[in-house]
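Student: Here is my input, please return the structure:
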Amino acid sequence: MLEAAGIVSGLAFFKGGLCSMQKKVTNPEQRWRPLSLMPAFKFAVGRAAEGARVQAKSMRVAIKHPGLVNRFDLVRMRLVYEETALNAAMCREQVKRWRGECVTREQMMALDRLEGIVDQWSDDTDEVLEAIKALLHEH
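Tutor: Alright, predicted model coming up:
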C-alpha cells in the first residue's frame, strides 16, 4: 500500500511539475534587463524582427495562394507567432521601463530606434497571425 501511495505521490509531483513547465513555456516570465544591456537587447530584437518581417512577406504570398501552406504548418506557425507576440509585448514593456532610466540624449535616441524595431516586429507578427487565421478558415 505504501508503495502504491509513493507511485501516486510521484505521479502527482510529475504532473504538477509538467503543468508548471508547460505554463512557463506558454507564458514566458519577464526578466527586466538593466539599461546597460540595451545594445545586446537591440541586436536580439532586431534579429527576431527581421524573421517576422520575412515571414509576413511570405504570408502575403500565401494569402494569394491558399493551398500553398498545409494546415499542420499553419497551426504550428500560429503557436510560434502567438508566443512571438507575447515576447514583443514584453519587449515593449522593457522599452517603457528603460524610458524612466535614460539620462542622456544618446540613450534616448537609441531607445527611440529600439522602440521602432519593436513596433515593426509587433506589426509584422500581427500580420502573420492574421494571415494564419484567414488561411486556416480556407482549409
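Student: Pop the domain breakdown of this structure in here.
Tutor: 1-30, 32-138 (automatic domain parsing).
Student: Quick one: mean pLDDT for the shortest one?
Tutor: Looking back up the chat, that one is domain 1-30. Averaged across domain 1-30, pLDDT comes to 46.
Student: Test for you: state the pLDDT assigned to the residue nearest the centre of the chain.
Tutor: The chain has Thr84 as the residue nearest its centroid, 1.8 Å off, counting by Cα atoms, centre = their mean. pLDDT, Thr84: 97.
Student: Look at it and tell me its secondary structure.
Tutor: helix (DSSP: H, G, I helix; E, B strand; the rest coil).
Student: Now it: closest residue in space, sequence neighbours ignored.
Tutor: In this structure, Thr84 finds its nearest non-sequential neighbour in Thr125, 5.0 Å apart by Cβ to Cβ, 6 or more residues apart in numbering. Just so you know, the C-beta spots here come from the backbone N, C-alpha and C atoms, and that holds for glycine as well.
Student: which residues sit in contact with the one you found?
Tutor: Going by Cβ atoms under 8 Å, 6 or more residues apart in numbering, Thr125 touches Ala52, Ala56, Tyr81, Thr84, Ala85, Ala88.
Student: Report the distance from the helix or strand that contains Ala48 to the chain centre.
Tutor: Ala48 is part of helix 38-64 when elements are defined by DSSP states H and E. Distance of helix 38-64 from the chain centroid (Cα atoms, centre = their mean, to the nearest Å) equals 11 Å.
Student: ditto for stretch 114-126
Tutor: On Cα atoms, centre = their mean, the centre of stretch 114-126 falls 11 Å from the chain's centre.
Student: all helices of this protein, in order?
Tutor: 2-26, 38-64, 71-99, 105-138 (DSSP state H).
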